[in-house]
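missing the sequence, but the structure's below:
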Ligand code: KG4
């Protein structure tokens with residue numbers, strides 16, 4: 001079964017062709033990051049316009065790379081939530097027109113479910129149940145993946161997503177957008193104990209997280225140093241900050257894994273590329289004996305292949321969208 005998969009929830013337009021869930025025939029991506037870098041963050045209206053410009057060409061590219069024609073497409077999968085509403089609507093409406101024209105079903109896919117599915121592409125032996133730490137620019141949650149389409153949130157951020165914090169701190173440091181990867185590079189060799197950050201716990205919700213205080217603490221530290229004319233040890237700041245973010249994510253993920261007892265942990269989303277978080281998870285899993293599944297860096301960020309993969313499992317579960325399919329800026333992963 002060939003699925004044409006469309007992703008446009010934020011600042012990447014992506015179209016892929018995925019066969020039978022786990023075989024990626026093509027994965028065409030157009031990033032708008034350069035455009036948003038001028039403003040230091042995603043400008044929603046620009047994102048929508050750029051998706052409109054790119055999407056049809058990418059679909060042709062994806063078909064060409066896959067070596068198939070339109071008549072070989074059996075279904076269209078599309079990210080319909082969560083994300084920037086205008087950006088999502090571009091993908092949803094394009095998917096509707098393709099599905100209508102080819103008379104094939106539309107399968108709506110939850111973006112974070114798609115990130116989780118990136119692990120199925122990377123690890124052919126991975127099957128639910130497992131616990132997944134989902135960390136991206138817009139979402140941070142620990143998910144009990146009971147089945148391919150049966151999920152429960154065990155813990156989530158109460159405020160900012162982890163990726164957003166990396167981006168905002170990087171912006172104040174002036175090292176570029178999106179800031180996660182440059183922060184990661186800057187942190188290499190930095191003293192991660194030099195700048196202590198507050199350790200935050202959410203009362204009565206041990207697996208929930210909070211990042212806004214960490215972000216503010218880092219930004220205040222940078223501004224204070226600038227105002228006093230003091231030199232800032234940037235690698236140490238980046239390393240200390242990555243350590244604090246990891247300290248928020250990794251022990252909670254391990255606690256969730258212990259609670260579920262599956263012995264399998266996966267990681268998903270753009271921040272899953274972070275070297276400190278990956279290393280800390282590896283060390284923690286060595287201790288507990290849990291099997292760790294890390295996606296390759298190419299599948300951590302937004303892409304169409306992950307939507308095609310999850311779309312296949314949603315299709316098998318009977319999920320369909322009609323011509324009245326809408327997009328949603330927020331939506332519970334449990335509902336899909
Ligand atoms: O999954 P993604 O591409 O888009 C969303 O669905 O949000 O994630 C993008 C986020 C950005 O905040 C980016 O700075 C962050 O992932 N990111 C990283 C790294 N690479 C990307 N954060 C920390 N360390 C990295 N190496």
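Received the coordinates, thanks. Since the structure is predicted, the reported quantities are computational estimates derived from the model, not experimental observations. Numbers count the residues shown, from 1 in each chain.

I'd like to know how many residues surround residue 129.
Counted by other CB atoms under 10 Å, the residues lying close to residue 129 total 15. C-beta coordinates here come from the backbone N, C-alpha and C atoms, glycine included.

Show the contacting residues for the residue in the stretch 201-336 of the chain that the ligand sits nearest to.
Relative to the ligand, the nearest point of the stretch 201-336 of the chain is residue 270 (2.1 Å; CB to the nearest ligand atom). When contacts are counted by CB atoms under 8 Å, 6 or more residues apart in numbering, residue 270 touches 135, 136, 137, 163, 178, 180, 300, 301, 302.

Around the last one, how many other residues sit close by?
When you say that, I think you mean residue 302. By other CB under 10 Å, 28 other residues sit near residue 302.

Would you confirm that it contacts residue 12?
Yes - under the criterion of CB atoms under 8 Å, residue 302 makes contact with residue 12 at 4.3 Å.

Need the overlap of contacts for the two.
Each of residue 29 lies in contact with both residue 302 and residue 12 under the rule CB under 8 Å, 6+ apart.

any idea which element residue 267 lies in?
Per DSSP states H and E, residue 267 falls inside strand 264-268.

Past that strand, which element shows up next along the chain?
Sequence order places helix 275-288 as the next helix or strand after strand 264-268, per DSSP H and E.

Just after that following helix, pick out the following helix or strand.
Per DSSP H and E, the first helix or strand lying C-terminal to helix 275-288 is strand 291-293.

Can you pull the residues of the stretch 201-336 of the chain lying near the ligand?
269, 270, 271, 273, 274, 301, 302 (CB under 6 Å from any ligand atom).

Apart from its chain neighbours, what residue comes closest to the fourth one?
To tie it back to what came earlier, the one meant is residue 273. Leaving aside its chain neighbours, residue 273 sits nearest to residue 300 (4.2 Å; criterion: CB to CB, 6 or more residues apart in numbering).

Okay, buried residues for stretch 52-71 please.
52, 54, 55, 58, 59, 61, 62, 63, 66, 68 (16 or more other CB atoms under 10 Å).

Inside strands: which ones of these?
Applying DSSP state E to these, no entry is found in strands.

mind listing which of those are in helices?
Cross-referencing the buried residues of stretch 52-71 against helices under DSSP state H gives 52, 54, 55, 58, 59, 61, 62, 63, 66.

and the residue nearest to residue 273, what is it in contact with?
By CB under 8 Å, 6+ apart, the contact set of residue 300 is 118, 268, 269, 270, 271, 272, 273.

Now render the residues you listed as a markdown table, adding pLDDT.
A markdown table is the format used below for these (pLDDT from 0 to 100):
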| residue | pLDDT |
| --- | --- |
| 118 | 98 |
| 268 | 98 |
| 269 | 98 |
| 270 | 97 |
| 271 | 98 |
| 272 | 98 |
| 273 | 98 |
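
farthest-separated two in those?
The span of the contacts of residue 300, defined through CB to CB, is set by 118 and 271 at 13.0 Å.

Once you drop chain neighbours, what's closest to the residue in the stretch 51-200 of the chain positioned nearest to the ligand?
Closest contact between the stretch 51-200 of the chain and the ligand, by CB to the nearest ligand atom, is at residue 180 (2.1 Å). Nearest non-adjacent residue to residue 180, counting by CB to CB, 6+ apart: residue 166, 4.0 Å away.

Residue nearest the middle of this structure, spatially speaking?
Centre of the chain computed as the mean C-alpha position; nearest residue by CA atoms, centre = their mean is residue 269, 2.7 Å away.

how close does that one sit to residue 142?
12 Å (CB to CB, to the nearest Å).

In the chain, what helix or strand scores lowest on average pLDDT?
Within the chain, confidence by mean pLDDT, DSSP states H and E is lowest for helix 33-37 among all helices and strands, at a mean of 94.

and that one, which residues are buried?
Neighbour-count burial for helix 33-37 [16+ other CB under 10 Å]: 36, 37.
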